[in-house]
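*Asks:* any chance you could fold what I've pasted below:
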Amino acid sequence: MCAAAGRSAFWGQAAQAGLKLERIAPQADGFTAVVSGAGWAKLCQLAGAGGWQVIQMQRRGPGPLAERLLRRPGILAGIGLFFVLLHWLGGFLWCMDLELLTVPQQESIRTLLAQSGIWEGCRPSQAELAQAQQLLEASGDFGWVSLNFTGGCLAAEGTPPSRHMRNHPPRTPGFMPVQAARCLP
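*Replies:* The predicted model follows:
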């Protein structure tokens, strides 16, 4: 609402300043109009410079917090960039959890993983992890071994080779050793 002498001069200056005023209606003591939230500060500044009084009668819209965020698009861009980086950096290997293995097994697994191109700081693909799993199974250093990569941490679990496995060569793809036993009635 605008109240003072020279009201039409105020509306003219507002139009020249690029303010979009809607629903302008004369009142007994001035005029009423609708202005966007972004134009409110400019309207108050223009009114103060001309000696007019402006009163906010009603407020609608996204609210003050959302308006402040929309006036500073860098904050929204930063939030978006944060989530993109969080997703992208989640694929990197930050730590190896080998605590469930013995010290010789830990050394063996680190060496075999390095041969597969997997170490802290790299971004392993599913194919590289599958290749490393096969390499570990074929090494003969483990009876059973498992690699689990989640959230930037590669957890390895395994068992020492059994005596039965030590007597036989490591398995090769496509070959399954079978031991026959005779059942007695």
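*Asks:* what ranges do the helices span in the protein?
*Replies:* With DSSP state H as the criterion, the chain has helices at 7-16, 37-50, 64-71, 73-89, 103-115, 126-139, 163-167.
*Asks:* how about JSON lines for the ones you listed, with mean pLDDT, distance to Asp97 and mean neighbour count added?
*Replies:* Bear in mind the C-beta positions are built from the backbone N, C-alpha and C, glycine included. As requested, the helices of the chain are exported to JSON lines (pLDDT from 0 to 100; distance: least, CB to CB, whole Å; neighbours: other CB atoms under 10 Å):
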{"stretch": "helix 7-16", "mean pLDDT": "76", "distance to Asp97": "66", "mean neighbour count": "14"}
{"stretch": "helix 37-50", "mean pLDDT": "79", "distance to Asp97": "52", "mean neighbour count": "15"}
{"stretch": "helix 64-71", "mean pLDDT": "80", "distance to Asp97": "40", "mean neighbour count": "11"}
{"stretch": "helix 73-89", "mean pLDDT": "92", "distance to Asp97": "18", "mean neighbour count": "10"}
{"stretch": "helix 103-115", "mean pLDDT": "90", "distance to Asp97": "10", "mean neighbour count": "16"}
{"stretch": "helix 126-139", "mean pLDDT": "90", "distance to Asp97": "15", "mean neighbour count": "16"}
{"stretch": "helix 163-167", "mean pLDDT": "54", "distance to Asp97": "24", "mean neighbour count": "10"}
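*Asks:* what sits against the closest residue to Gln106 other than its chain neighbours?
*Replies:* Spatial nearest neighbour of Gln106, chain neighbours left out: Leu98 (4.5 Å); criterion: CB to CB, 6 or more residues apart in numbering. Leu98 is in contact with Gln105, Gln106, Ile109, Arg110, Ala156, counting by CB atoms under 8 Å, 6 or more residues apart in numbering.
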